[in-house]
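Colleague: here's my sequence, what's the structure:
(one chain, ligands or ions: 2)
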Amino acid sequence: MTSAVDRKMESYIEELGDSRALTLYRKLPKGKKLRTKLIFKIAGESQEAIDVASTVEMIHLASLLHDDVIDGATTRRGKISVNASDGDKSAIMLGDILYSKAFYQLTDMSPQIAKIISNAVILLSLGELADVELSSKFHTNKEAYLKMLYQKTASLMEASAEVGAILARKDRELFREYGKNLGIAFQMIDDILDITSDSKTLGKPALHDFIEGKVTLPYIYLYESLDREEREYLKSLHKKRLSEDEALWIKGKMRENRVVERAYAEAKALVEEAIKLMDSVGEEGLSDIARAMIEREF
Ligand code: FPP
Ligand code: MG
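Modeller: Numbering: from 1, shown residues only. Ligands and ions are numbered 1, 2, ... in the order given. Sure thing, here's the model as predicted:
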C-alpha cells in the first residue's frame, strides 16, 4: 500500500525537526505514486522497497516543486501550488529540502541502487533544461522532443523499475525497458490531455502547454499537416494568450488532420511494447498498470 510510503516520507521530514518545513510539506497533495506502484508490483512491499520508493517519491515531489516555479504554474494536482500559495522562494527551498533528504537516505542504500537513482536525477534535470530551451521558440524537432520526454519523465520511471528488479532479483534490462516505454508514453499522454481535456478537469487553462511555449507532439504533427499560410498562423499563436477563436482554430485544425489520434497511436504503441515485455515474463499486474495508462480519460 502506498500509504506506507506517505508515512515514511512524513517521518523523514519530521526527523529534520523544522516546523516550517513540515507545515509546507503537509500542504503537498498526495498524488498517484505511480513510481511506488511500479516498485511494489515488481519487488513486493518489503521495508527495502518502501525505503527506495520513499526516496524516489521525494525526488519526484522536489522536481515538481521546482517545475512549477519554472513553469509559473498556479495549480498542482488540482490544488493551489506551493509557489502560488507561499512564493517561489519557499517552493524552491522545500524542493531542495526534499531532494537533499532523499539523497541523504540514498547513502544508506547499496551503491548500485544509489547510482541508478542519482543518474536518473541528472537526466531529469537535463530534460527540464531541454524543455525550457525547446519552449523558448517554436520548433518541429520530434527527435529533440522525444529525447526531452525520456529525460524529463521516463528516466525516473525507468530507474524505479530497474531498482525494483534489483530488489527482486529479476531481469534488470527487461524491467528497465518497460519503465522507459511506460514513462515516455505517460508524458505523451499528459501532453495530449492538455489539448483534449477541458480546463476544469485539467485544473489549468486549455492548450496551456502551447501558451506556455511547449510544442508537444500533436503540434509538431499539426504543423507538418498545414499549408504555408496556416503554418505561419500557427507559429504566430505560439506563446500567446489565445482568444477563444484562436484556440478553436487550433482545435479544429487538429481535428481535421487527426493529429491527436496520431500522437495517441504512438503512445499506445509504446504501451503495447511494455505490455508485451511483461506478458513475456507473466507479470500481469505490470501489464495492467500499462493498460490503465492508455485508458486514462482523454
Ligand atoms: C514536469 O513536466 C516536470 C518533470 C517531470 C521534471 C522536472 C525536473 C526538474 C525541475 C529538475 C530536477 C530537480 C530536482 C530538485 C530533482 P511538465 O511541466 O511537462 O508537466 P506538468 O504538467 O506536470 O507540470
Ligand atoms: Mg510543469
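
Colleague: quick check: residues of the protein near ligand 1?
Modeller: 59, 62-63, 66-67, 71, 73, 95, 99, 121, 124-125, 128, 152-153 (C-beta under 6 Å from any ligand atom). In short, each C-beta sits where N, CA and C put it, glycine included.

Colleague: among the residues you listed, which are within reach of ligand 2?
Modeller: Among the residues of the chain next to ligand 1, proximity to ligand 2 is found for Asp67, Asp71 (C-beta under 5 Å from the ion).

Colleague: in helices only, show me the residues of the chain next to ligand 1.
Modeller: Ile59, Ala62, Ser63, His66, Asp67, Asp71, Gly95, Tyr99, Val121, Leu124, Ser125, Glu128 (DSSP state H).

Colleague: so what's the residue in the stretch 1-150 of the chain positioned nearest to ligand 2 up against?
Modeller: Going by C-beta to the ion, ligand 2 is nearest to Asp71 of the stretch 1-150 of the chain, at 3.8 Å. For Asp71, the contact set (C-beta atoms under 8 Å, 6 or more residues apart in numbering) comprises Glu212.

Colleague: how about 10 Å then?
Modeller: Neighbour list for Asp71: 64, 81, 83, 128, 131-132, 135, 204, 208-209, 212-214 [criterion: C-beta atoms under 10 Å, 6 or more residues apart in numbering].

Colleague: if we can go back for a sec, which ChimeraX command selects the buried ones in the residues of the chain next to ligand 1?
Modeller: In ChimeraX, a selection of the buried entries from these looks like this (16 or more other C-beta atoms under 10 Å):
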select :59,62,63,66,67,71,73,95,99,121,124,128,152,153
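
Colleague: which two in the residues of the chain next to ligand 1 are spaced the farthest apart?
Modeller: Based on C-beta to C-beta, the longest span within those runs between Ala73 and Val121 and measures 20.6 Å.

Colleague: thought Met148 was touching Met188?
Modeller: No - assessed by C-beta atoms under 10 Å, Met148 is found out of contact with Met188, at 11.6 Å.

Colleague: what pLDDT does the model give the residue positioned nearest the centre of the chain?
Modeller: Centroid-nearest residue in the chain: Thr153, 4.4 Å away (criterion: C-alpha atoms, centre = their mean). Looking at Thr153, its pLDDT reads 97.
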